[in-house]
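Novice: I need the structure of the sequence given here:
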Amino acid sequence: MSSPYDDASDDSSDPPSGDSLRGTRHAASTGSSAASTSSDVLPESVPESAASASACPAVIPPSDVPAWMERLGAKSVDSLLVKLVKHAADTYAQPPISNFRVGVAALGKSGAIYLGANIEFRNTSLGQSVHAEQFAVALMASQGEVGLNSLALTHSPCGHCRQFFQEVYGASGMRVVFPGSPAAVLSDLLPEAFTPSDLHEDPPLVMRGGNFELVASDDEGELDDLAAMALASACASHAPYTTCPSGVALRFEDGSTYSGAYYECAAYNPSLPPMQAAIVASVAHGVSLPGGLQNDGTVKPALVDAVLCELDDAMVSQQSPTEAVLASLTIGSDVRLRMLKVNLKA
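Specialist: Prediction:
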């Protein structure tokens, strides 16, 4: 069979505008159907996943993929990914420092497609930035995806992201395509990689790992809804190397709430903190963050509440980096980070 990328240069149709993609997702959520496709384009059986019923505009569920292929003139799912990366960058990237937009379109093992983009924060360190590839992985995990098949990008993935991908189930054989280079697999892009098995005898992987069982400290009392969200995200953390799970939940002035889990990396530095994962969730749903680049059709509500959940005796604490990012997004306001201390269930 020919390479799934052999029609990637087909530019008979441009990706739709942000409003167009959001409109299609809305139609899908109200029950519109799409024509079926052959098994060499989509998996014969689609694992049951939250992605298939997601209302997130940055997710195209499996049932909508054939319609998008027809609309954009894509001959395979992977060429559809290539056509979607510019849209991902234009719609979701928020790089107020570099003004350099990066877009990603990823195909999950469920058959769903996830869009991602880079995010930067003013008035804090560059190390707080979210890479587009991390955006996509965090979104996939939060939506209940079960693995990663292929990925298209606007630019070559940096070493940081090539390392971060080592944590993801299915990534070792993941197909990667970016401008100016033939399709490759991750092992070609990072040979002789430092992998999770170098630190952990039987490492769990993102999208296939076990959850933590956490309980709130006795003095926390009854949890409010935002604290409960942060606790749930902490339980979903990927933290096999430090056993220090954490989660963040955010509330905006329009009442919307988003949460994110901690995604640890064996190389430590490429780890994605829970604050950034929560921000990914908000941006994927159309929130344009303060200090970011406003996109047409997005909302820009103020951030009014934030909760960080982590272990009472955490050897690795997310409090300082979370407070730094929170401060960068709430300049001129008095929003304070609330801490929820928990323990591993005995």
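Novice: show me where the stretch 1-150 of the chain has its strands.
Specialist: 59-60, 103-108, 113-117, 148-153 (DSSP state E, counting those that start in this stretch).
Novice: in its sheet, what does the first one sit against?
Specialist: Pointing back at strand 59-60 there. Pairing partners of strand 59-60, with direction, according to DSSP bridges: strand 113-117 (antiparallel).
Novice: quick one: distance of the strand it pairs with to the chain centre.
Specialist: Between the centre of strand 113-117 and the centre of its chain there are 7 Å (Cα atoms, centre = their mean, to the nearest Å).
Novice: mean confidence score for stretch 118-134?
Specialist: Mean per-residue pLDDT for stretch 118-134: 94.
Novice: just how off-centre is it within its chain?
Specialist: 13 Å.
Novice: any buried residues in that stretch, and which?
Specialist: In terms of neighbour count (16 or more other Cβ atoms under 10 Å), stretch 118-134 has its buried residues at N118, I119, E120, F121, T124, Q128, S129, V130, H131, A132, E133, Q134. Yep, even glycine has a C-beta here, placed from its N, CA and C like the rest.
Novice: quick revisit: out of the strands of the stretch 1-150 of the chain, nearest to R162?
Specialist: strand 148-153 (11.1 Å; Cβ to Cβ).
Novice: show me the contact partners of that closest one.
Specialist: 4, 8, 77-78, 81-82, 84-85, 102-109, 132-133, 136-137, 140, 165, 168-171, 174-178, 207 (Cβ atoms under 8 Å, 6 or more residues apart in numbering).
Novice: could you check the angle it makes with strand 103-108?
Specialist: 170 degrees (axes from the mean of the first three to the mean of the last three Cα atoms, to 10 degrees).
Novice: got the CA positions of the next helix or strand after strand 148-153 in PDB?
Specialist: Beyond strand 148-153 on the C-terminal side, the first helix or strand identified by DSSP states H and E is helix 159-164. Extracted in PDB, the C-alpha atoms of helix 159-164 (Å, rounded to 0.1, in the frame of the first residue of the first chain):
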ATOM      1  CA  GLY A 159      14.200  17.800  21.000                       C
ATOM      2  CA  HIS A 160      12.100  18.700  24.000                       C
ATOM      3  CA  CYS A 161       9.000  17.300  22.300                       C
ATOM      4  CA  ARG A 162      10.700  14.300  20.800                       C
ATOM      5  CA  GLN A 163      11.700  13.400  24.400                       C
ATOM      6  CA  PHE A 164       8.200  14.100  25.800                       C
END
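Novice: 223 is where my numbering starts, stick with that
Specialist: In the new numbering, first residue 223, that becomes helix 381-386.
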